[in-house]
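Undergrad: sequence plus predicted model, see below.
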Amino acid sequence: MHPFSLLDDPRRLRRLLSSCAALRTLTRLHALLIVSSSASSHHILSSCLATAYARAGDLAAAESTLATAPTSPSSIAAWNALLAAHSRGASPDEALRVFRALPAAVRPDSTTFTLALSACARLGDLAAGEVVRDRASKAGYRNDIFVCSSLLNLYAKWGAMDDAVKVLDRMRKRDRVTWSTMVTGFVNAGQPVQAIEMYMRMREDGLEGDEVVIVGVMQACAATGHVRMGASVHGYLLRHAMRMDVVISTSLVDMYAKNGLFDQARRVFELMPHRNDVSWSALISQLAQYGNADEALGLFRQMQVSGFQPNSGPVVGALLACSDLGLLKLGKSIHGFILRSLELDRMVGTAVIDMYSKCGSLASAQMLFDKVVSRDLISWNVMIACFGAHGRGRDALSLFQEMKKNKERPDHATFASLLSALSHSGLVEEGKFWFDCMVNDYGIEPAEKHLVSIVDLLARSGLVEEANDLLASMHTRPTISILVALLSGCLNNKKLELGESTAEKILELQPGDVGVLALVSNLYAAAKNWDKVREVRKLMKDHGSKKVPGCSSIEIRGALHTFVMEDQSHPQHRQILRMISKLDSEMRKIGYVPKTEFVYHDLEEGVKEQLLSRHSERLAIC
């Protein structure tokens with residue numbers, strides 16, 4: 001058939017344009033329309049031609065075709081095709097430009113507004129989205145299901161959850177995608193309680209969760225400690241034989257582990273047919289954070305044996321475990337692995353600095369910190385805390401001043417680290433000054449950690465009355481931790497009257513920590529209030545648990561040696577005792593006198609001295 005005969009059959013030409021995917025053929029057909037005398041056919045078919053250009057990927061040709069053609073309400077399909085093509089081509093900004101350039105005679109429809117809102121969501125442009133929303137409302141699409149779904153996605157994706165809820169409440173029909181968008185949106189916005197509430201509303205709406213909803217609910221349960229809900233959803237997965245892929249299984253492991261339910265976390269982990277880096281990281285990191293350092297390191301080694309190269313998540317968990325156990329040699333080995341195989345980013349670098357500090361190598365921590373070119377606030381905070389932990393309060397203060405010169409604004413964590421450092425070094429005036437600056441100059445309301453440090457600083461220095469007055473001036477009731485800091489100062493400085501009133505306040509708060517009760521008992525013993533001693537010890541017995549003895553550990557040639565008071569389990573126990581006796585003799589020659597008044601038991605002086613001499617720290621040093 002001669003090409004010009006197509007012009008006599010517009011229907012056939014439309015069909016040809018709608019099915020044509022070859023750009024070369026399209027340009028020939030376009031040329032045919034231009035050179036033909038049938039201008040009316042050209043105008044009628046221009047929308048079809050622009051749609052075909054958009055579908056073939058020549059968006060410039062599609063737009064120029066539309067721009068030169070007469071506009072009519074029916075041409076919206078072609079404009080929608082151009083919008084969709086820009087979105088598919090990863091050009092949401094171009095899609096918005098086209099939307100704004102729509103001729104006045106072209107009436108946007110549901111698809112137009114949906115595509116424009118999707119572009120806004122990809123750009124994170126809430127302001128532009130609200131302009132599109134207003135135009136959609138004026139055009140009669142305020143309650144359109146597709147427009148509402150796109151608007152909901154925009155709000156949820158970028159954290160405008162109050163607006164998202166308003167859109168949800170006016171939607172006549174909600175599907176699983178709608179609910180999963182809401183659940184995920186609340187989780188990403190840091191509102192896990194509301195995410196769980198959305199899940200409950202979904203269930204009330206008669207819908208069951210899909211994989212996306214399940215993962216979102218698990219993340220919310222992990223964040224809120226809502227273990228019963230998490231276990232209930234886990235049971236639902238098992239009862240309905242839903243596919244337990246690596247993402248869902250990992251979210252279960254994370255939920256159980258973050259709530260300290262490691263038996264359940266291990267069971268889910270062990271049943272996983274496939275694991276990824278995130279699966280290993282979820283369990284290793286939480287084991288380390290909950291004090292199960294040995295198991296965390298064992299799992300880290302198992303991960304490597306299984307053929308997985310650890311990324312930053314498991315590595316940070318392993319470094320935390322090394323910090324907890326004082327394993328400097330292994331920590332150095334992991335640092336070497338990081339330098340060979342990973343990028344020493346801020347998170348990993350901060351973890352390495354923290355590990356060196358807690359394993360006793362402050363010089364290594366400082367050297368690494370000095371090499372960090374781009375420091376964030378967390379890096380500064382950690383290094384200030386490192387100096388504090390090593391009793392170098394003045395260095396901590398100097399670093400704080402340097403941080404301020406670098407235009408880094410201190411936050412609540414910075415002041416917590418600084419005040420703790422000043423407390424450990426007994427820098428009373430400096431501590432009082434910076435506490436006042438924190439409140440008055442930086443507008444930071446003192447939290448528990450700040451009050452513990454300043455009270456501890458004052459009480460350690462014998463200023464227990466001043467510490468008590470400070471607490472009385474606070475608007476909040478002191479917590480057990482704050483009162484314990486005050487009580488410890490009263491005990492060490494023999495301020496027994498204030499100590500007894502502080503002990504009464506602690507008992508009113510019904511502490512479950514046996515260590516706290518032991519301190520209260522010691523205060524009463526120092527005050528010779530034996531009735532109260534018996535009362536508190538009965539309370540300790542009623543709790544059904546014993547105080548976990550303090551321990552000290554030291555790493556020698558890669559092996560960790562751990563001791564408790566009067567420990568006799570070490571194979572070199574006899575040699576250790578001989579070394580203790582030798583050092584004790586040398587110390588007494590230069591004037592050392594054991595402070596037996598700090599042994600709060602009715603024992604002979606010789607027995608008290610023996611208890612002090614066989615303290616876990618002395619055993620470890622010897």
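TA: Cool, got the structure.
Undergrad: show me where the protein dips below the pLDDT cut-off.
TA: 1-54, 56-64, 67-74, 89, 543-550, 558, 594-613 (pLDDT under 70).
Undergrad: the domain parsing of it - what is it?
TA: If you go by the TED database, the domain ranges for the chain are 375-445, 452-548, 551-621.
Undergrad: residue 198 is nearest to which of those domains?
TA: Checking these against residue 198 by CB to CB gives domain 375-445 as the closest, at 30.7 Å. C-beta here means a position set from N, CA and C on the backbone, and glycine is covered the same way.
Undergrad: span of the closest one from start to end?
TA: One end of domain 375-445 sits 26 Å from the other (CA to CA, to the nearest Å).
Undergrad: now swap in stretch 254-269 and tell me
TA: Across stretch 254-269, the straight-line distance between its terminal residues is 10 Å, by CA to CA.
Undergrad: would you mind listing the buried residues in it?
TA: When neighbours are counted by 16 or more other CB atoms under 10 Å, the buried residues of stretch 254-269 are found to be 254-259, 261-262, 264-266, 268-269.
Undergrad: reformat the residues you listed as JSON lines; add distance to residue 619.
TA: Rendered in JSON lines, the data for the buried residues of stretch 254-269 read as follows (distance: CB to CB, whole Å):
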{"residue": "254", "distance to residue 619": "39"}
{"residue": "255", "distance to residue 619": "41"}
{"residue": "256", "distance to residue 619": "38"}
{"residue": "257", "distance to residue 619": "34"}
{"residue": "258", "distance to residue 619": "36"}
{"residue": "259", "distance to residue 619": "36"}
{"residue": "261", "distance to residue 619": "35"}
{"residue": "262", "distance to residue 619": "31"}
{"residue": "264", "distance to residue 619": "38"}
{"residue": "265", "distance to residue 619": "35"}
{"residue": "266", "distance to residue 619": "34"}
{"residue": "268", "distance to residue 619": "41"}
{"residue": "269", "distance to residue 619": "37"}
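Undergrad: what's the most distant pair in those?
TA: Looking at the buried residues of stretch 254-269 by CB to CB, the two members farthest from one another are 259 and 269, with 14.7 Å of separation.
Undergrad: so what's residue 351 up against?
TA: Contacts were defined as CB atoms under 8 Å, 6 or more residues apart in numbering; by that measure residue 351 touches 315-316, 319-320.
Undergrad: what residues does residue 528 make contact with?
TA: The contact partners of residue 528, by CB under 8 Å, 6+ apart, come to none.
Undergrad: next secondary structure element downstream of the helix or strand that contains residue 65?
TA: Residue 65 is located in helix 59-68, with elements delineated by DSSP states H and E. Reading on from helix 59-68 to the C-terminus, the next helix or strand found by DSSP H and E is helix 76-88.
Undergrad: chain center to that next one, what's the gap?
TA: 40 Å (CA atoms, centre = their mean, to the nearest Å).
Undergrad: in it, which residues are buried?
TA: Under 16+ other CB under 10 Å, the buried positions of helix 76-88 are 76, 78-87.
Undergrad: before we move on, the earlier item: for the contacts of residue 351, which single residue is the most surrounded?
TA: Note: the member of these with the most neighbours is residue 319, at 28 neighbours, neighbours being other CB atoms under 10 Å.
Undergrad: over to that one. Which of the three states is it?
TA: For residue 319, the secondary structure call by DSSP: H, G, I helix; E, B strand; the rest coil comes out as helix.
Undergrad: show me where the stretch 251-400 of the chain has helices.
TA: 262-271, 277-289, 293-305, 312-325, 328-341, 346-358, 362-371, 377-389, 393-405 (DSSP state H, counting those that start in this stretch).
Undergrad: related to what we said a few turns ago, tabulate the domains of the chain (a markdown table), appending distance to residue 360.
TA: Output for the domains of the chain, formatted as a markdown table (distance: least, CB to CB, whole Å):
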| stretch | distance to residue 360 |
| --- | --- |
| domain 375-445 | 8 |
| domain 452-548 | 22 |
| domain 551-621 | 9 |
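Undergrad: of all those domains, which lies closest to residue 170?
TA: When these are compared by CB to CB, domain 375-445 sits nearest residue 170, at 39.1 Å.
Undergrad: mind checking how far that closest one is from the chain centre?
TA: How far domain 375-445 lies from its chain's middle: 23 Å, per CA atoms, centre = their mean.
Undergrad: what of stretch 300-308?
TA: Offset of stretch 300-308 from its chain centre (CA atoms, centre = their mean): 25 Å.
Undergrad: what's in contact with that stretch?
TA: By CB under 8 Å, 6+ apart, the residues outside stretch 300-308 that reach it are 275, 277, 280, 284, 310, 314, 317-318, 321.
Undergrad: let's see that with 7 Å instead.
TA: If you take CB atoms under 7 Å, 6 or more residues apart in numbering as the criterion, stretch 300-308 is touched by 277, 280, 284, 310, 314, 318.
Undergrad: number of residues surrounding the second one?
TA: When neighbours are counted by other CB under 10 Å, residue 280 registers 25.
Undergrad: ok, back up a step: export the helices of the stretch 251-400 of the chain to a markdown table and tack on distance to residue 110?
TA: Written out in a markdown table, the entries for those read as follows (distance: least, CB to CB, whole Å):
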| stretch | distance to residue 110 |
| --- | --- |
| helix 262-271 | 43 |
| helix 277-289 | 39 |
| helix 293-305 | 50 |
| helix 312-325 | 43 |
| helix 328-341 | 51 |
| helix 346-358 | 45 |
| helix 362-371 | 57 |
| helix 377-389 | 47 |
| helix 393-405 | 54 |
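Undergrad: helices along the stretch 1-150 of the chain, start to end?
TA: Using DSSP H, counting those that start in this stretch, the helices of the stretch 1-150 of the chain run over residues 10-19, 23-35, 39-56, 59-68, 76-88, 92-100, 110-123, 126-138, 145-157.
Undergrad: packing partners of the shortest one?
TA: Counting contacts by 3 or more CB pairs under 7 Å, 6 or more residues apart in numbering; DSSP states H and E, the secondary-structure elements packed against helix 92-100 are helix 76-88, helix 110-123.
Undergrad: where's stretch 445-465 relative to the chain centroid, distance-wise?
TA: In terms of CA atoms, centre = their mean, the centre of stretch 445-465 is set 29 Å apart from its chain centre.
Undergrad: run through who's touching it.
TA: Residues from elsewhere that reach stretch 445-465, judged by CB under 7 Å, 6+ apart: 412, 415-416, 419-420, 422-423, 426, 428, 431, 435, 438-439, 466-467, 470-471, 479, 481-482, 485-486, 488-490, 493, 495, 498.
Undergrad: mind listing what's buried along it?
TA: 446, 449-461, 463-464.
Undergrad: between whatever helix or strand residue 216 lives in and helix 277-289, how many degrees?
TA: If you go by DSSP H and E, residue 216 is part of helix 211-224. Comparing the axes of helix 211-224 and helix 277-289 via axes from the mean of the first three to the mean of the last three CA atoms, to 10 degrees yields an angle of 10 degrees.
Undergrad: run through who's touching helix 211-224.
TA: Helix 211-224 is touched from outside by 176, 179-180, 183-184, 187, 192-193, 195-196, 199, 209, 227, 229-230, 233, 237, 247-248, 251-252, 254-255, 258, with contacts defined as CB under 7 Å, 6+ apart.
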